[in-house]
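# sequence and predicted model, in that order:
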Amino acid sequence: MHASRIEPQLSDSAAAAPLLQLAGVEQRYGAFRPVLAGLDLELRRGEFLVVEGAGGSGKSVLLRLMAGLERAAAGTVRMAGEDLARLGAAARSHMRRSIGYLPPGGGLLLSRTVLENVALAPWAAGAARNEGVRRARVALALVGLDADRTAQTVCSHLPSGERQCVALARALVNRPALLLLDDLLTPFDIPSAARILRLLDPFSESGVTIVVAQRCAEPSTVPLPAPWPARSRLLRLQDGQVPA
Amino acid sequence: MPFFPLVLATAVIVAAILTGAIFLWRLQPLEAPPWVRPQALVMAAGAEGETDLAALGLALRKVGSVLAADFVGRDAALANLAQRPGLASLGLREMRPNPLPDSFVVSFAPETGPDAVEAAVAELAKVKSVESVQYQPEAYRRTWALARLARRLVLLAAGALLAAGMVGVVAAAGLLANPDPEELRLLDALGADPAVVRRPYVYGGAIALLCVAALAWWLMVSASAWLDPLIADLARQYALHWSTDGLPAWYGPAFCAMAAVLGGLFASAAMRLAMGSAIK
């Protein structure tokens, strides 16, 4: 399942059309101050966006809004021109199958095996059992895990780095058009993080839009940390806003 | 509670309800037999003509809560007495003149309370040409109190059985529809069709109640076959109507199919609730 094999290079016009548009997006819970306030953002096919911010800056909420897992309190989130708030339950489910979402912590079912966790995504998308297993094995190989060795391992027995690889394999297994990776690199050391980012690069080049949320204690003023791909764009969040 | 004990316990309760319902159906039309009705014996004054006795019968029937007034002639009464074992040797049949009076057996409506019966008895005594009225108020009061207690106990037991049956049915249908909320959230995030997520649990609920219904039906049929001859005999002895008609053959499969549909509906509702609370 190499990206170069599954996604043809996009034409210029297709790449120019925004895949994701956020306009005036605000999110708040109850009467508390907004978690996100007045956020405008456009993402085109093949873009690589790094969302950087301290804990509580609104990164995860932004990714959940992009995934359609939450509804914005104000503003609109559009994917391929469709307002996510107006989608029915069936259309929303269908849309999510084209998104690879990695929640903070990986969101694995720790009592299930590696293969079950990864194959859950194609099964949820309606793939047959054997096809789901086949795709899961390919995805595991893609993230550098030996499927024969790890497939039947229960996830709770894996070290945190391998768990994150399993979660990444699950996000990739359905050949998504949009990858939303929350807190992707936290469990990895710098060489492993660089390897993971190299792994994502062909996907981005072949038209998959990638958003990686990354926590930083103090937002730095340097453009991007060393491992990020040169073509990536940085969005720095502070208290739910893009600082001026 | 583990699945199989719950299915078995629910099936036993449902079988008890079904058996009770079938027995009630067999007793239809449910009419109180004569021995349950309160009765009084009204003695007519002597030397009444046929016309007077007919008028007296009519007058007795007009008294409040009187259901029937059946005439028993003095000769018939003496002949009846003479036939009784122990009295036959006394030569009652040859007794002249017949000392017994003409009388009426007055029956009251089965639901009439003791106060109303006693008031009616007092009224009967005042009817013209009535010599005396024989009635045992204490015996009827005791029977009435026992009948009321028995009715309430039966209602209480039936209510408890129905409640236990409903709890068991809902629990059996929903027992399998108990998914991990984390798994539901994940499936939602992965874009799983909610109907597809619910489906195995709905099948589980349907199969659970199908098992309950099939087991309950089998238990009911076995219990009925075992008890029917005894109850039919009792019903005959106590002058109760008892139908020996069997249930139509399609009732069993229809009952099981209905239970399966109900199980599916319960499980679907339980899953909707579970998914709604997991994916907020």
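It's in.

# chain A contacts on chain B?
Residues of chain B lying near chain A by Cβ under 8 Å from any Cβ of the partner chain: B:180, B:182-183, B:186-194, B:196. Placement of C-beta: from N, CA and C, glycine included.

# quick check on the residues you listed: which are buried?
The neighbour-count criterion (16 or more other Cβ atoms under 10 Å in any protein chain shown) marks B:183, B:186, B:187, B:188, B:189, B:190, B:191, B:192, B:193, B:194 among the residues of chain B next to chain A as buried.

# tell me the first helix or strand C-terminal of the lengthiest helix in chain B.
If you go by DSSP state H, chain B has its longest helix at helix B:194-237. Of the helices and strands lying after helix B:194-237 in sequence (DSSP states H and E), the nearest is helix B:251-278.

# ok so, going back, could the residues of chain B next to chain A go into CSV alongside distance to residue B:43 and secondary structure?
What follows is those, written out as CSV (distance: Cβ to Cβ, whole Å; DSSP: H, G, I helix; E, B strand; the rest coil):
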residue, distance to residue B:43, secondary structure
B:180, 82, coil
B:182, 86, helix
B:183, 85, helix
B:186, 89, helix
B:187, 86, helix
B:188, 86, helix
B:189, 91, helix
B:190, 92, coil
B:191, 92, coil
B:192, 87, coil
B:193, 85, coil
B:194, 81, helix
B:196, 83, helix
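
# reformat those residues as CSV; add pLDDT.
Formatted as CSV, the residues of chain B next to chain A follow (pLDDT from 0 to 100):
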residue, pLDDT
B:180, 87
B:182, 88
B:183, 89
B:186, 91
B:187, 91
B:188, 90
B:189, 90
B:190, 91
B:191, 90
B:192, 90
B:193, 88
B:194, 88
B:196, 88
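
# any chance of the residues you listed in CSV, with distance to residue B:217 too?
Listed next are the residues of chain B next to chain A as CSV, based on distance: Cβ to Cβ, whole Å:
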residue, distance to residue B:217
B:180, 34
B:182, 39
B:183, 35
B:186, 40
B:187, 37
B:188, 39
B:189, 44
B:190, 42
B:191, 42
B:192, 37
B:193, 35
B:194, 34
B:196, 32
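
# pick the one among these closest to residue B:273.
Distance to residue B:273, by Cβ to Cβ, is smallest for residue B:194 among the residues of chain B next to chain A, at 12.6 Å.

# which residues of chain A fall in strands?
A:18-27, A:36-44, A:48-53, A:74-79, A:82-83, A:99-102, A:178-182, A:209-215, A:233-237 (DSSP state E).

# low-confidence ranges in the stretch 1-150 of chain B?
B:46-48, B:87-96 (pLDDT under 70).

# count the neighbours of residue 134 for me.
Unless you meant another one, I'm taking chain A. 15 (other Cβ atoms under 10 Å in any protein chain shown).

# think we crossed wires, I meant chain B
With other Cβ under 10 Å as criterion, residue B:134 counts 11.

# ok, which of the strands of chain A comes nearest residue B:134?
Per Cβ to Cβ, nearest to residue B:134 of these: strand A:18-27, 90.3 Å.

# so which of the strands of chain A gets nearest residue B:216?
That would be strand A:99-102 among the strands of chain A, by Cβ to Cβ, at 46.5 Å.

# that closest one: how far from the chain's middle?
Centre-to-centre, strand A:99-102 and its host chain are 4 Å apart (Cα atoms, centre = their mean, to the nearest Å).

# ok, and what's touching that strand?
Where contact means Cβ atoms under 8 Å, 6 or more residues apart in numbering or on different chains, the residues beyond strand A:99-102 that reach it are A:63, A:66-69, A:121, A:167-168, A:170-174, A:176-182, A:184, B:189-191.

# what's the helix or strand harbouring residue B:159 packed up against?
Residue B:159 is part of helix B:137-175 when elements are defined by DSSP H and E. For helix B:137-175, the elements it packs on are helix B:3-26, helix B:114-125, helix B:194-237, helix B:251-278, judged by 3 or more Cβ pairs under 8 Å, 6 or more residues apart in numbering or on different chains; DSSP states H and E.

# could you dump those to a markdown table with distance to residue A:39?
Putting these into a markdown table (distance: least, Cβ to Cβ, whole Å) gives the following:
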| stretch | distance to residue A:39 |
| --- | --- |
| helix B:3-26 | 50 |
| helix B:114-125 | 83 |
| helix B:194-237 | 29 |
| helix B:251-278 | 28 |
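
# which helix in chain A has the most residues?
helix A:190-205.

# can you give me the helices for chain A?
Under DSSP H, chain A gives helices at A:3-6, A:12-16, A:59-66, A:89-96, A:114-124, A:129-142, A:147-150, A:160-172, A:190-205.

# how about the fourth one: buried residues?
If I follow you right, that is helix A:89-96. A:92, A:93, A:95, A:96.

# pLDDT averaged over that helix - what is it?
Averaged across helix A:89-96, the pLDDT comes to 88.

# do the same with the longest one
Helix A:190-205 shows a mean pLDDT of 89 in the predicted model.

# then the first one?
Model confidence over helix A:3-6, given as mean pLDDT, is 36.

# quick check: closest non-adjacent residue to residue B:258.
residue B:213 (7.6 Å; Cβ to Cβ, 6 or more residues apart in numbering or on different chains).

# centre-most residue in chain A?
Note on chain A: the residue nearest the mean C-alpha position is residue A:180, at 1.5 Å, using Cα atoms, centre = their mean.

# on that earlier part again, okay if I get the helices of chain A as JSON lines plus distance to chain B?
Shown next, in JSON lines, are those (distance: least, Cβ to the nearest Cβ, whole Å):
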{"stretch": "helix A:3-6", "distance to chain B": "18"}
{"stretch": "helix A:12-16", "distance to chain B": "23"}
{"stretch": "helix A:59-66", "distance to chain B": "9"}
{"stretch": "helix A:89-96", "distance to chain B": "3"}
{"stretch": "helix A:114-124", "distance to chain B": "4"}
{"stretch": "helix A:129-142", "distance to chain B": "11"}
{"stretch": "helix A:147-150", "distance to chain B": "19"}
{"stretch": "helix A:160-172", "distance to chain B": "8"}
{"stretch": "helix A:190-205", "distance to chain B": "18"}
